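Enquirer: generate coordinates for the sequence data below:
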Amino acid sequence: MTSSIWSCLIKPKQRARRTVLSVTFLILISVASIAHAQNPGRVVLGTADSFAVLAGTTVTNTGPTVVTGDLGVSPGNAVTGFPPGVVQSGTIHAGDAVAAQAQQDLAAAYNDAAGRACNTVLTGQDLGGLTLTQGVYCFASTAQLTGTLTLDAQGNPDAVFIFQIGSALTTASGSRINLINGAQACNVFWQVGSSATLGTTTQFAGTIMALTSITANTDANILGRALARNGATTLDSNDITRQSCAAAQPTPTPTPAGTTPAPTQSATPPGSSPSPGASPAPGGTTPPPGASPGPASPSPGSSPPPSASPTPGPTTEPQPSPSPGGTVLPSPSASPTVAPTQAPGPTPSPSSTTVIPAPDDGDGGGGGNDGGGGGGLPDENDGVTPQLPVTGSSRALEAALVISLELMLLGFYFDRRGEMLNRRARARHGRSRRAF
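Expert: Okay, the predicted model is just below:
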């Protein structure tokens, strides 16, 4: 009887704890799933990445088209209209092994994009006027773009946009795609179930992977790629610029030892002895008059004349001079050059005595690099802040942490409430036992 009463008394507290833990666990799983769904990951193109234009049967062109990147066709081998068309920063591959391999990799990328889980269904909607964030968008049949489609990376340069289109993709004349807040054309993929047709003066962005054919009408420009698997790619006075995602800007490295003299060294006046900081290495030669005693390569077999023995100055703090190989070597024939007042400390490395490291200008990369191409298309790097980008996953994790903290506070409240109820129940139980 007593044990059953006590089990009933502690049940509210246990239930509260179990409920809080279960809800927290479920919310964390849900947030992680949402973050994964919002971050689909880039479609790998393989060797097709280097191609701006690719077709299965033929590539035809009319007018002064400019293709930046490789142009290829396979299994066909017909390429017409070049010239007047121009291929720059690339090569024409007409029916060769390179184009065949690119077609195989394109087929794999096409299937990859088609197999991604759809996040948002846009069937029946016009893409014009929409602002979309990263994710996978699908159309059961055709897709139409009339006007402006805005792709917003929300400060994440790795944001990926994948469009799954069941049949045809068509853009009206004058349509365009704007890339904002770090969105990059190299992270936009259009998987088209049949053919893609771009209207005149369309400003398009992304990689078109069409199962059949691609037609770019007069003055339609693409910041990305036009890759057709089985049919033809038809061009007419277009500008097609293949772009890869910007790599991280490397950090400037110090100049190798032995190329820049230390700022404390100065030219030796004619006829004077070098300062203690310019002691010649063994086998070295005395610097010529007026020359800087930097780490120039010594002539083998020569030795410094007796008059060039360094003499410790009363106020100049001596510094060891590096050999050409970057190792500080003492001079066996010269008198000691260490001043008695020199503070003890670790021997400086060669780079610290002879090299002035280049300052880091803090430029996160891409300053002044204008993606430019594509006839008025917005630069895909505009607004990108590479330092500590805020990704969709980080936002989801932040939300999960906030929710978890709130649930912990709620659990603390229920614990305190349960303890209070238990105390009251024990008090009532004690009173009832005394009454009996």
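Enquirer: quick one: low-confidence residue ranges for this structure.
Expert: 1-39, 246-400, 435-436 (pLDDT under 70).
Enquirer: for it, which helix is longest?
Expert: helix 392-435 (DSSP state H).
Enquirer: which elements pack onto that helix?
Expert: The contact analysis (3 or more CB pairs under 8 Å, 6 or more residues apart in numbering; DSSP states H and E) places helix 392-435 against helix 2-38. No exception for glycine: its C-beta is placed from N, CA and C like everyone else's.
Enquirer: please name the bridge partners of Y137.
Expert: Assessed by DSSP bridges, Y137 has beta-bridge partners T120, F163.
Enquirer: contacts only, for it.
Expert: C118, N119, T120, V121, L122, F161, I162, F163, Q164 (CB atoms under 8 Å, 6 or more residues apart in numbering).
Enquirer: now the helices: where do they sit in this structure?
Expert: 2-38, 97-114, 350-354, 392-435.
Enquirer: returning to what we had before: could you save the contacts of Y137 as CSV and add columns showing neighbour count and distance to V402?
Expert: Shown next, in CSV, are those (neighbours: other CB atoms under 10 Å; distance: CB to CB, whole Å):
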residue, neighbour count, distance to V402
C118, 16, 28
N119, 16, 23
T120, 11, 25
V121, 12, 30
L122, 18, 31
F161, 26, 27
I162, 25, 29
F163, 23, 32
Q164, 22, 33
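Enquirer: out of the residues you listed, which one sits closest to A196?
Expert: A196 has its nearest neighbour among these in F163, at 10.8 Å by CB to CB.
Enquirer: which one is T123 nearest to, not counting chain neighbours?
Expert: Leaving aside its chain neighbours, T123 sits nearest to A140 (4.4 Å; criterion: CB to CB, 6 or more residues apart in numbering).
Enquirer: how much space separates that neighbour from T57?
Expert: 28 Å (CB to CB, to the nearest Å).
Enquirer: next: Q164.
Expert: From Q164 to T57 the distance is 24 Å (CB to CB).
Enquirer: please apply the same query to R116.
Expert: Taking CB to CB, one finds R116 at 28 Å from T57.
Enquirer: what's the answer for G128, then?
Expert: 31 Å.
Enquirer: go on, N238?
Expert: Counting by CB to CB, the gap from N238 to T57 is 19 Å.
Enquirer: also G155?
Expert: G155 is 42 Å from T57, by CB to CB.
Enquirer: same question for I214.
Expert: In terms of CB to CB, I214 sits 12 Å off from T57.
Enquirer: between these two, tell me which one has more neighbours.
Expert: Between I214 and T57, I214 has the larger neighbour count (other CB atoms under 10 Å), namely 28 against 18.
Enquirer: the more buried one: what's it in contact with?
Expert: 55, 195-198, 208, 226-228, 231-234.
Enquirer: closest one of the residues you listed to V66?
Expert: A226 (13.0 Å).
Enquirer: quick check: bridge partners of that closest one?
Expert: Counting by DSSP bridges, the residues bridging with A226 are V53, I208.
Enquirer: number of residues surrounding it?
Expert: Residues near A226, counting by other CB under 10 Å: 32.
Enquirer: that one contacts L54, doesn't it?
Expert: Yes: if you go by CB atoms under 8 Å, A226 and L54 touch, sitting 7.5 Å apart.
Enquirer: so what sits against both of the two?
Expert: Common neighbours of A226 and L54 (CB under 8 Å, 6+ apart) are T233.
Enquirer: quote the end-to-end distance of stretch 64-79.
Expert: 15 Å (CA to CA, to the nearest Å).
Enquirer: heads up, I number from 318, so please use that
Expert: From this message on, residue numbering opens at 318, which makes the last subject stretch 381-396.
Enquirer: next, the buried residues of that stretch.
Expert: T382, V383, V384, T385, G386, D387, L388, G389, V390, S391, G393, V396 (16 or more other CB atoms under 10 Å).
Enquirer: tell me which of those residues fall in strands.
Expert: V383, V384, T385, D387, L388, G389, V390, V396 (DSSP state E).
Enquirer: hey, what's the second one bridged with?
Expert: Assessed by DSSP bridges, V384 has beta-bridge partners V404, I557.
Enquirer: wait, it touches S406, no?
Expert: No: between V384 and S406 there is no contact under CB under 8 Å: 9.1 Å.
Enquirer: count of residues packed around I720?
Expert: 16.
Enquirer: residues contacting Q421?
Expert: Taking CB under 8 Å, 6+ apart, one finds G363 in contact with Q421.
Enquirer: relative to G363, how far out is it?
Expert: Taking CB to CB, one finds Q421 at 8 Å from G363.
Enquirer: go on, G393?
Expert: From G393 over to G363 (counting by CB to CB), the distance is 20 Å.
Enquirer: quick check, nearest of the ones in strands among the buried residues of stretch 381-396 to E736?
Expert: Nearest member of those to E736, counting by CB to CB, is T385, at 71.2 Å.
Enquirer: closest one of the contacts of I531 to S561?
Expert: L544 (14.5 Å).
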